[in-house]
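Enquirer: I'd like to go over a predicted model; first the sequence, then the structure.
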Amino acid sequence: MRLMPWVHCLRGVVGRELLRFLHQRSRFLAALVRPLVWLFVFAAGFRMALGVAMTEPYQTYILYEVYIVPGLVGMIQLFNGMQSSLSMVYDREMGSMRVLLVSPFPRWYLLVCKLLASTLVSVVQVYVFLAIAWVYGIQAPAMGYLYLLPALLVTGFMVGALGLLLSSFIRQLENFAGVMNFVIFPMFFLSSALYPLWRIREGSYLVYQIAALNPFTHAVEMIRFAMYERFNADAVLISVAVAAVLLVLAIVGYNPSRGMMARKGNAG
Amino acid sequence: MSEASHTAGAEALALDIIELSFTYTGRPALDDVSLAIKAGEFVVLLGPNGAGKTTLFSLITRLHDRRRGEIRIGSFDVRRQAVQAHARIGAVFQQPTLDLDLSVMQNLAYHGALHGMSPRESKARALAQLERVGLADQRRTRVRRLSGGQRRRVEIARGLMHEPRLLLLDEPTVGLDIASRRDLVTHAHRLCVEAGVAVLWATHLIDEVRPGDRVAVLHHGRLLADEQSETLTARLGVETLGEAFDRLVGDEETACD
C-alpha cells in the first residue's frame, strides 16, 4: 500500500479523538480538576506532614507540591488512558470500535493510531495542568517541558495499552468504578507518585518492593527526571519495554481469532 | 439452491460464503451456511432474534473469525486478503455507530480517513452520498439533532463512501417509525439498481420483504431456504411469506425435538 493512505488514516483517528475531546467539556474539566484538587488541597495539607528531603533529580530541598506534580501528570495519563480504552469497547462505543475495525488497514495499525490519539489527548490535558501549576508557582526549567513530551508519549502508550488489554480480556472490569478500585488506585498509590520510594521503605518494606516493581513508578520517575532535564535510563528503558509488551498483548487481544472479539460479539 | 450461482463465475459474486460454521461457547451459532450474492442483488436475511444474523455479519466483517468455511468478497478471502476484502465491504450495524456530538460531515470524513482517503476526496465522496440519501443540506448538522431515520441514512451514506461491492445492513430499521422504515427499504433497493451494489439486509420483520426479493431464512444458525419469496411460498404451497416462514421454522423445531 502507498504511504499517504496510512497518513490519512492516522490523521483521521487523531483528529476525531481531539474533536470529541473538545466537545466533551465536562470530561476535560474532570480531567483537570482531579489533579488540581490533589495539588491545591491534598498537597497543601500534606506539606506539613511530609517534607521531602533532597532527592534526585531535585537539586534543592523542595516543597511537597513540587514533588507530586510529576505523579499527578502520570495520574492524568492513567485516568485518560483507562477511560478512553474502556469506553472504546463498552457502552455505546462498542459501535465505534466496529467502525474502526472494519477499516481495511491492519488491525495493529488501527490500534496504534487509536492509542496515539488518546495519548495526544492526555498530552493536551497534561500541558494545561502544568500551565496552571506554573502560575501557582511550581515551575520546572523551560527545556524540561520539552523533554517531557517523549516521556508523556511513552506513558500514554503504556497506560492506554494496559486499558485496552484489560478491556479485551476481563469482563468484570466493565464499569469504571471497578477499574478505579482495582487498577487505577493500586497503580497510583503503590508508586512513587505521592512519596519517594525511600520514604515508602521506611514505612513498609513490602509496599516498597511492590512500588519498585510497579511500572507506573518508573513512568512517573521518567516524567520527573525529564521535567528537570535529566535522563533516567532505567526508568525510560523499563517504561518503554513495558509499553511495548502491553501493546503487543493488546494487539493479540484484539486478534479476531482469540481474545475479546472471539468470546463476545454474539448478540444474535 | 446457491449451486447455480456458485457456477456463475467468481467474478460476478459480491459475496460468497461457503460452508461456514461457527461455534460460540460450545453451541453452534452457524452451521454449514452457504450463501452467494451477485453484484446488484438484494437479499433479505430473514430470521428471528438469535438466529445468527449478527454472528454472520461479524464473521464477514471479521470482528472474529474462529470458524470453519470460507468467506469471499469478490475474489478476495476475508481472512487471507483482509485488506482488499475489507475495502469492498460497507456495513451498517445494528447499534448506531455515529458520533452524536460531531457533525454529519465530520462523521463521514472520519470514515473516509479510515479508508485512506485524503480530506478532499472524503469530502467529495461524502457529499455525493449525502445527496443520494437526500441529506446534503444537513451536512453541518450535529448528528444528535437528526431523527432516527436520518441517522440511518447517514450511516448508509457512510457505508457507501468507499464504493463497496457489498453493503451489509444488520436490522437497520430497529427503532424507526413505519414511514422511515418504508423509505429505508425503498432506498436500499434503489441502491442495488443505481450503484450496482449487492445488499444483504438482515431483519426479523417479514413485512420488509418486497415482492421479487430473494429471501434467505436463517434459524438456529442454519439456512433453511434461499430463493425468491414467491418461489418459496409456491414451493411450500402457502399464501404468504409469513406462513412460509412459520412452516420452515416449525418444521425445524419438530426436527430438533
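Expert: Right, received. Where do you want to start? Numbers count the residues shown, from 1 in each chain, chains lettered A, B, ... in the order given.

Enquirer: in what helix or strand does the closest residue to A:A43 other than its chain neighbours lie?
Expert: In space, not counting the residues next to it along the chain, A:A43 is nearest to A:E65; the distance is 4.4 Å by CB to CB, 6 or more residues apart in numbering or on different chains. Just so you know, the C-beta spots here come from the backbone N, C-alpha and C atoms, and that holds for glycine as well. For A:E65, the element it lies in under DSSP states H and E is helix A:64-89.

Enquirer: so what does that helix touch, helix or strand wise?
Expert: Counting contacts by 3 or more CB pairs under 8 Å, 6 or more residues apart in numbering or on different chains; DSSP states H and E, helix A:64-89 packs against helix A:25-37, helix A:43-46, helix A:94-101, helix A:107-136, helix A:142-169, helix A:176-179, helix A:185-189, helix A:215-227.

Enquirer: orientation of that helix relative to helix A:215-227 in degrees?
Expert: For helix A:64-89 against helix A:215-227, the angle by axes from the mean of the first three to the mean of the last three CA atoms, to 10 degrees is 120 degrees.

Enquirer: ok, the residue in the stretch 101-250 of chain B positioned nearest to chain A - contacts?
Expert: In the stretch 101-250 of chain B, the residue found nearest to chain A is B:A113; the distance is 2.1 Å by CB to the nearest CB. Applying CB atoms under 8 Å, 6 or more residues apart in numbering or on different chains, we find B:A113 in contact with A:H8, A:C9, A:R11, A:G12, A:V13, A:G15, B:P119, B:S122.

Enquirer: moving C-terminal of the host helix or strand of B:A85, what's the next helix or strand?
Expert: Using DSSP H and E, B:A85 maps to helix B:82-87. Sequence order places strand B:89-92 as the next helix or strand after helix B:82-87, per DSSP H and E.

Enquirer: Sheet partners, orientation included, of that following strand?
Expert: strand B:166-170 (parallel) (DSSP bridges).

Enquirer: Pull the residues that contact the partner strand.
Expert: Residues contacting strand B:166-170 (CB under 8 Å, 6+ apart): B:14-15, B:37, B:53-54, B:57, B:60-61, B:73, B:88-94, B:156, B:159-160, B:188, B:191, B:197-202.

Enquirer: So which elements touch the very next helix or strand once past that strand?
Expert: Sequence-wise, the next helix or strand downstream of strand B:166-170 (DSSP H and E) is helix B:178-195. When contacts are defined as 3+ CB pairs under 8 Å, 6+ apart, helix B:178-195 packs onto strand B:42-46, helix B:148-160, strand B:166-170, strand B:198-203.

Enquirer: 7 Å instead?
Expert: strand B:42-46, helix B:148-160, strand B:198-203 (3 or more CB pairs under 7 Å, 6 or more residues apart in numbering or on different chains; DSSP states H and E).

Enquirer: starting at the chain centroid, how far to the first one?
Expert: In other words, strand B:42-46. Relative to its chain's centre, strand B:42-46 lies at 8 Å (CA atoms, centre = their mean, to the nearest Å).

Enquirer: Report pLDDT for the spatially most central residue of chain B.
Expert: In chain B, the centroid-proximal residue (CA atoms, centre = their mean) is B:L168; its distance is 2.4 Å. At B:L168, the pLDDT value in this model is 94.

Enquirer: tell me, how many neighbours does B:R190 end up with?
Expert: Per other CB atoms under 10 Å in any protein chain shown, the neighbour tally for B:R190 reads 12.

Enquirer: Correction: the previous question concerned A:Q209.
Expert: 14.

Enquirer: which secondary structure element contains it?
Expert: With DSSP H and E as the test, A:Q209 turns up in helix A:205-213.

Enquirer: which helices and strands sit right next to that helix?
Expert: Packed next to helix A:205-213, using 3+ CB pairs under 7 Å, 6+ apart, are helix A:197-203.
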